[in-house]
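[1] Need a 3D model of the sequence below.
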Amino acid sequence: MLNQINIQDIVGIAKAAGNVIMQIYSQDFKVEYKQDNSPLTLADKKANDVIEDGLNKLSVNFPILSEEGKDVPYEKRRHWEYFWLIDPLDGTKEFVKKNDEFAVNIALIYKDTPVLGVVYAPALDVCYWAKKDKGAFKNGKRLPIKTENQRDSYKVVVSRSHMSDETQVFIDSIDTDKEKELISIGSSLKICLVAEGEADIYPRLGPTMEWDTGAAHAVVREAGFNIKRHNNLISNQHLYNKDNLLNDWFVVL
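    A predicted model of the protein is given here:
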């Protein structure tokens with residue numbers, strides 16, 4: 001099934017969604033708020049329509065789970081073998097602030113594991129993509145671009161909008177001979193910075209959803225890194241299509 005998918009088709013869908021997002025980004029736009037107080041814009045909705053339409057036109061016919069799509073009960077999706085997991089506008093807070101650090105996330109999940117991912121940041125014109133056993137890339141350049149011995153400091157990625165006290169405690173506890181340097185950035189681009197070798201670690205000791213991480217998880221895995229659940233004594237695997245779509249705290253390294 002995976003072999004039937006051309007990763008560049010998914011890149012094209014992500015970029016088409018990005019074009020719609022940028023049309024709205026350049027204008028004045030209204031911001032609504034969901035029940036959890038997270039922002040929602042017309043860009044989220046229109047990008048979702050573009051992505052779902054594009055995926056539904058592919059030769060493969062997989063169900064779609066999207067942040068902005070219809071809620072799918074666990075009793076139905078637990079039987080899915082493959083499914084698309086999308087966040088049409090990851091980093092809506094960054095979009096509203098107009099700091100350019102938002103992305104389109106499209107992942108293909110096989111049972112509980114990402115096997116394909118595209119992360120496109122339209123305002124930065126940066127696109128990451130990966131397919132299982134085929135490598136990870138940033139704008140066509142194979143990842144990682146940098147390696148640990150090319151960094152003078154120990155670089156820690158942190159969320160621009162969601163820094164927590166627990167994350168700060170974790171950073172303080174990191175044992176390294178190098179000086180720690182914090183990099184603040186929004187959306188799934190944080191995970192991608194580890195994938196490309198620009199950072200050593202990204203601890204996220206705070207709430208995220210599966211669609212926030214799925215696409216970048218595929219990229220970071222193919223680049224030779226991974227996402228591990230934080231302080232879980234049963235299993236440290238970061239899994240998908242759970243009953244509750246809320247992620248456990250995790251660390252990317």
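
[2] Helices along the protein, start to end?
    7-25, 42-56, 74-77, 92-97, 165-173, 189-196, 210-222 (DSSP state H).

[3] Those helices into a markdown table, with extra columns for mean neighbour count, distance to residue 241 and mean pLDDT?
    Any C-beta I mention is one placed from the backbone N, CA and C, and that applies to glycine too. Output for the helices of the chain, formatted as a markdown table (neighbours: other Cβ atoms under 10 Å; distance: least, Cβ to Cβ, whole Å; pLDDT from 0 to 100):
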| stretch | mean neighbour count | distance to residue 241 | mean pLDDT |
| --- | --- | --- | --- |
| helix 7-25 | 19 | 19 | 97 |
| helix 42-56 | 19 | 17 | 96 |
| helix 74-77 | 11 | 6 | 97 |
| helix 92-97 | 20 | 23 | 93 |
| helix 165-173 | 13 | 26 | 93 |
| helix 189-196 | 26 | 19 | 98 |
| helix 210-222 | 28 | 7 | 98 |
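
[4] Can you tell me which of these is nearest to residue 104?
    helix 7-25 (4.6 Å; Cβ to Cβ).

[5] okay, now the domains of the chain?
    2-142, 148-252 (automatic domain parsing).

[6] ok now the shortest one, how far from the chain's centre?
    Shown here is domain 148-252, whose average C-alpha point lies 11 Å from the average C-alpha point of the whole chain (Cα atoms, centre = their mean, to the nearest Å).

[7] how much space between residue 191 and residue 226?
    Going from residue 191 to residue 226 by Cβ to Cβ, to the nearest Å gives 10 Å.

[8] Overlap in contacts, the two.
    Common contact partners of residue 191 and residue 226 (Cβ atoms under 8 Å, 6 or more residues apart in numbering): 220, 252.
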